[in-house]
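Sharing a model prediction with you, sequence too.
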Amino acid sequence: MSSEAVVAPRVRGESLNDVRAVIPASCYTRSRSRATSTLVQAALVYLGPTVSLALTDRWWALIVLWMFAGLGVAGLFVLGHDASHGALVDSRRMNRLLARVCMAPSAHVEAAWDLGHNRIHHGYTTREGFDFVWHPTSVAEYRGLGRLYRLRHRVEWSWMGAGAYFLRAVWWEKMWRYNAPGKRHAAIVRDKIVLGAVLALILVTTAVLSGFGGGWLATLWVPVKLFVVPFLVFVQIIGWTVYVHHVSPEIRWWGRREWSQFNGQMESTTIVHVPRLVNRLWLHNIFIHVPHHVDSRIRFDHLPRAAAAITAGYPHAVRSSRLSIVAYVRTTRACKLYDFDEGHWLGYGAAASSPC
């Protein structure tokens, strides 16, 4: 008998290509009229509350309008997200243009988003050390954090902290601050300069025009009222959205050797059923997230049909639930740290031996 160790062949698991094979061909068709009408609707849903904000300073109206303006930014962003994936229309060039325009109110650099979201997050969903979106902290890592970093972790992983996390970890660190090496560097720098110049021009023009009629207080207040606060509302919405898609006691993060495309795209995403009107006006089926991760070429309007086909073929792998604030709060209490060896979430009690 040979003294050499026998290496067991790696068993081929379920394939993502097999999942894609069950999706009807009709899910890949793209109606230009449907895309146009949805874009017009999203623009009106955003511009309506924005114009209304310009006409009032009543505190109760501002609160309501800020919420609707933030949702309007989110609606445009979701369509821009589809365009960035190349799914909104047939033309690649038009997709990139629409992505940049739709993402402008949310101040997202499309070329940087394409790298961080389309390539890394979608390419390595919930893979340890690769996917940076809501990447868990291990007990050992948490124990090694200083007091301020622990405090930041507790805030960002709390029920109210999703926006703060997204603003810092995704929007700032992986988009505006990040300088990509290699061939993507020039495109990202160009998009930063163009978007930054456009946003600066809009803010300065709004401030100057407001100052003519309202003095220096209006110069400062109106740009904040029209653009900054809705942006912050959007950040909270999108941070919570991404959290719900990928964090749950039932959703596992995978070690580098255990991870597969099937595990990441099928078992580490979910489908959440939301109120129909909210979905129609602002969310555009983004909460039907499993088919989007299985194949990001599927446009927003075909996600329900694709989800039905995938669920029928792989009922054991698809998670589905109804939107529940109670369930969300429970998740934020349970999912604080992660044990990558055992493959499950932990609370802060697991690190209790380290002083806080």
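Right, received. Where do you want to start? Quantities reported herein were computed from a predicted structural model and do not represent experimental measurements.

Backbone dihedrals for residue 182, please?
Main-chain torsions, residue 182, degrees, to the nearest 10: phi 70, psi -150.

should've said residue 254
Backbone geometry at residue 254, expressed as degrees, to the nearest 10, gives phi -120, psi 140.

check contacts around it.
126, 127, 128, 260, 263, 264, 268, 343 (C-beta atoms under 8 Å, 6 or more residues apart in numbering). C-betas here are computed from N, CA, C, even on glycine.

Average pLDDT for stretch 53-62, rounded please.
Per-residue pLDDT over stretch 53-62 has a mean of 97.

Spatially nearest residue to the most centrally placed residue in the chain, not counting backbone neighbours?
What sits nearest the mean C-alpha location of the chain, by C-alpha atoms, centre = their mean, is residue 242, with 4.4 Å. With sequence-adjacent residues excluded and distances taken as C-beta to C-beta, 6 or more residues apart in numbering, residue 242 is closest to residue 133, at 6.1 Å.

go on, residue 288?
Leaving aside its chain neighbours, residue 288 sits nearest to residue 303 (4.2 Å; criterion: C-beta to C-beta, 6+ apart).

How about residues contacting stretch 134-144?
Identification of contacts with stretch 134-144 by C-beta under 8 Å, 6+ apart yields 128, 145, 150, 153, 165, 242-243, 246-247, 253, 335, 337-340, 345-346, 348, 350-351, 353-354.

next one: that stretch to chain centre, how far?
Centroid separation for stretch 134-144 versus its chain: 22 Å, with C-alpha atoms, centre = their mean, to the nearest Å.

That one: end-to-end distance?
19 Å (C-alpha to C-alpha, to the nearest Å).

can you tell me the average pLDDT over it?
Averaging pLDDT along stretch 134-144 gives 97.

and if you look at stretch 332-344?
On average, stretch 332-344 scores 96.

For it, which outside residues touch it?
Stretch 332-344 is contacted from outside by 128, 136-139, 142, 157-159, 247-249, 252-255, 258, 345-348, 350-351, using C-beta under 8 Å, 6+ apart.

Among those, which lie within strands?
345, 346 (DSSP state E).

Can you select the buried ones from the contacts of stretch 332-344 in PyMOL?
The following PyMOL line selects those of the contacts of stretch 332-344 that are buried, judged by 16 or more other C-beta atoms under 10 Å:
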select buried, resi 128+136+137+138+139+142+157+247+248+252+253+254+345+346+348+350+351
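
And the lengthiest helix in the chain, what's buried?
When the chain is parsed with DSSP state H, its longest helix is helix 184-223. Going by neighbour count (16+ other C-beta under 10 Å), the buried part of helix 184-223 is 187-188, 191-192, 195, 203, 206-207, 210, 218-219, 222-223.

okay, these in CSV with distance to residue 68 and pLDDT next?
What follows is those, written out as CSV (distance: C-beta to C-beta, whole Å; pLDDT from 0 to 100):
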residue, distance to residue 68, pLDDT
187, 34, 94
188, 32, 95
191, 28, 96
192, 29, 97
195, 24, 98
203, 21, 97
206, 19, 96
207, 23, 96
210, 21, 93
218, 22, 93
219, 25, 95
222, 18, 97
223, 18, 97
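
and the residue nearest to the centre of the chain, what pLDDT?
The model reports residue 242 with a pLDDT of 97.

Where does it fall, secondary structure wise?
Here residue 242, judged by DSSP states H and E, is contained in helix 229-246.

Return the distance of the helix or strand just after that helix from the chain's centre.
Downstream of helix 229-246, the next assigned helix or strand under DSSP H and E is helix 261-262. Offset of helix 261-262 from its chain centre (C-alpha atoms, centre = their mean): 19 Å.
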